[in-house]
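[1] task: produce atomic coordinates for the following.
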Amino acid sequence: MHSREAFASLRKSFDDRLFQTTIRASIGYAESAERAVSILDYRPDLAVDYIALADELLTRLHLDEARAQLGGVLNGRAAR
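    Next comes the predicted model:
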């Protein structure tokens, strides 16, 4: 419950400056690093959190070309 309270406090203090995207807690990230395998390949279901965060950041920075490349990464992974 502490993490929810901390998140609520951050949201209250920083409002729209806080990213909307949440990275889920999972051992999969450590396992991916341990195996030296990209999280995109190891656990695509978790990788979507990082893709969403990257998209949100690029949107805030108005980097549309980079966002288009990010979409290309997603499409390339889906084709596998």
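
[2] for the residue nearest to residue 29 when sequence neighbours are not counted, what are its contacts?
    Excluding the flanking residues, the one nearest residue 29 by CB to CB, 6 or more residues apart in numbering is residue 39, at 6.1 Å. To be clear about C-beta, it is placed using only N, CA and C from the backbone, and glycine gets the same treatment. Contacts for residue 39 (CB atoms under 8 Å, 6 or more residues apart in numbering) come out as 28, 29, 32, 46, 47, 50.

[3] for residue 70, same thing?
    When contacts are counted by CB under 8 Å, 6+ apart, residue 70 is found next to 51, 54, 55, 58.

[4] ok, and for the longest helix seen in the chain, which residues are buried?
    Identified as the longest helix of the chain according to DSSP state H is helix 44-60. Using 16 or more other CB atoms under 10 Å as the burial criterion, the residues of helix 44-60 that qualify are 46, 47, 48, 49, 51, 52, 55, 58.

[5] so can I have JSON lines of the contacts of residue 70 showing distance to residue 66?
    Shown next, in JSON lines, are the contacts of residue 70 (distance: CB to CB, whole Å):
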{"residue": "51", "distance to residue 66": "13"}
{"residue": "54", "distance to residue 66": "9"}
{"residue": "55", "distance to residue 66": "10"}
{"residue": "58", "distance to residue 66": "5"}
